[in-house]
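**Student:** Provided below for reference: sequence and predicted model.
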Amino acid sequence: MPSSVRLSKLPRKQPMPDLKFYNGEFARNRNIWLKEVSRTFYPSIKALPKDLHFYIGHSYLICRLLDTLEDAYDITAEIKKSALDQAIICIDDPSKFNKENDIFSDIAKTSDIKPFEKIILENAFSIFECIETFPTPVQKHIRKWTVEMAGGMKKYAFGSDNPKVQLSTIEELEEYTYYVAGTVGELLSELFTLERFRVPEEIKKIMSENGIAFGKALQYVNIIKDSREDFTEGRCFIPKELLDKHNITLDDFFGSARKEEIVLIYNELINRAEDHLKAAITYIESIPARLWRIRLFCIWPVALAYATLNGIKNDLEDFIKTNETYKISRKEVGSILKKGYLAAFSNGYFRKLLRSSK
């Protein structure tokens with residue numbers, strides 16, 4: 001057979017990715033940024049298979065860029081929405097990045113945000129551009145869900161011209177947590193079920209049904225544990241509907257005099273968080289043990305959230321006397337990280353890990 005015929009049967013080579021994103025300064029810096037902006041998620045990201053480590057780590061950077069814009073309390077809502085609009089455009093097509101009028105760098109220079117969050121905004125172009133080096137299905141999933149997230153953040157944007165924004169209803173809280181975290185659950189499910197992982201259809205269905213709740217569970221726990229410190233910084237995600245139900249004002253809630261009503265409200269939020277955590281547990285238990293690195297990625301944050309929520313329940317009266325974020329001890333964190341390895345291979349050990357944090 002002529003060689004030309006043989007060659008024609010070979011699969012077409014994929015274009016080589018721009019190696020500056022993988023082997024150069026950007027790749028080294030990317031890991032530093034990830035570690036600094038999320039000390040909680042960084043060990044989980046490192047545990048993933050090499051390709052997912054890069055795709056999910058980079059997706060997390062995009063989400064943190066969006067989150068940095070959403071959280072900036074000292075810019076107007078109009079500027080915030082403009083920046084989120086520009087992010088949506090650039091996620092979809094990095095060639096449309098406006099280098100002459102870089103709104104992300106401008107916010108980094110003028111806003112009171114953390115140093116590494118400034119660095120992420122200053123490197124927004126490279127972060128968006130890097131998406132194009134991923135396989136086409138991965139690009140599609142990242143773009144779909146981060147754009148969905150940014151659009152939702154626009155809807156709930158607050159700013160220096162609209163301080164101390166409070167959600168109105170429980171329905172709004174569910175929608176908000178979908179945009180900022182449920183979308184992450186959807187993205188993870190898409191990436192965890194890429195063709196190469198050979199995930200059976202029945203398992204894909206379970207993950208699809210519980211992916212949003214997986215993300216929401218973590219966000220609910222964050223909202224509860226950060227609620228009192230958030231209020232001092234001009235943010236509040238406790239719905240007005242819940243306060244009205246118990247005839248209590250926002251200032252009363254973040255005081256400590258009306259303890260009975262405050263406890264009742266937190267218990268309602270905790271119950272909702274627990275419902276989402278149950279779905280998150282179902283999500284994890286559906287993942288085959290052969291994909292133990294993916295399971296471990298999911299187990300660590302869920303187990304930490306589970307322990308944090310139980311700690312708040314047990315120390316609720318002390319928690320409402322402070323204006324601080326609730327944190328479990330370093331010893332408990334270390335124990336969860338260590339036991340997580342066994343849980344990655346066994347649902348029985350996973351359940352045992354969760355029971356140990358009650």
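**Tutor:** Perfect, thanks for sending it.
**Student:** how is this protein carved up into domains?
**Tutor:** Domain segmentation of the chain under automatic domain parsing yields 19-161, 164-358.
**Student:** How far does the last one sit from its chain's centre?
**Tutor:** Between the centre of domain 164-358 and the centre of its chain there are 11 Å (CA atoms, centre = their mean, to the nearest Å).
**Student:** Check the shortest one too.
**Tutor:** Averaging C-alpha coordinates over domain 19-161 and over its chain gives two centres that are 12 Å apart (CA atoms, centre = their mean).
**Student:** gap between the residue nearest to the spatial centre of the chain and Tyr306?
**Tutor:** Geometric centre of the chain, nearest residue: Ala181, 5.2 Å, by CA atoms, centre = their mean. To Tyr306, Ala181 is 16 Å away according to CB to CB, to the nearest Å. C-betas here are computed from N, CA, C, even on glycine.
**Student:** again, but for Ser111
**Tutor:** 34 Å.
**Student:** The stretch of helix or strand Thr177 belongs to packs against which elements?
**Tutor:** Element membership for Thr177, per DSSP states H and E: helix 170-177. Judged by 3 or more CB pairs under 8 Å, 6 or more residues apart in numbering; DSSP states H and E, helix 170-177 is in contact with helix 201-232.
**Student:** on contacts alone, who are the packing partners of the helix it packs on?
**Tutor:** Packing partners of helix 201-232 (3+ CB pairs under 8 Å, 6+ apart): helix 170-177, helix 183-192, helix 259-286, helix 292-314.
**Student:** how about the last one: buried residues?
**Tutor:** Looking back up the chat, that one is helix 292-314. Residues 292-312 are the ones in helix 292-314 that count as buried (16 or more other CB atoms under 10 Å).
**Student:** That helix versus helix 183-192: what angle between them?
**Tutor:** 160 degrees (axes from the mean of the first three to the mean of the last three CA atoms, to 10 degrees).
**Student:** CA atoms only: put helix 292-314 into CSV for me.
**Tutor:** The C-alpha trace of helix 292-314 is given here as CSV (Å, rounded to 0.1, in the frame of the first residue of the first chain):
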residue,chain,number,x,y,z
TRP,A,292,-10.4,8.2,43.5
ARG,A,293,-8.6,11.5,42.8
ILE,A,294,-11.8,13.1,41.7
ARG,A,295,-13.6,11.7,44.7
LEU,A,296,-10.9,13.1,47.0
PHE,A,297,-11.2,16.5,45.3
CYS,A,298,-14.9,16.4,46.2
ILE,A,299,-14.6,14.8,49.7
TRP,A,300,-12.3,17.3,51.3
PRO,A,301,-14.4,20.5,50.8
VAL,A,302,-17.6,18.7,51.6
ALA,A,303,-16.2,17.0,54.8
LEU,A,304,-14.8,20.4,55.9
ALA,A,305,-18.2,22.1,55.2
TYR,A,306,-20.0,19.3,57.1
ALA,A,307,-17.7,19.7,60.1
THR,A,308,-18.0,23.5,60.0
LEU,A,309,-21.8,23.3,60.0
ASN,A,310,-21.8,20.9,62.9
GLY,A,311,-19.5,23.1,64.8
ILE,A,312,-21.7,26.1,64.3
LYS,A,313,-24.7,24.1,65.4
ASN,A,314,-22.9,23.0,68.6
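**Student:** Quick one: name whatever helix or strand follows that helix.
**Tutor:** Using DSSP H and E, the helix or strand that directly follows helix 292-314 along the chain is helix 316-319.
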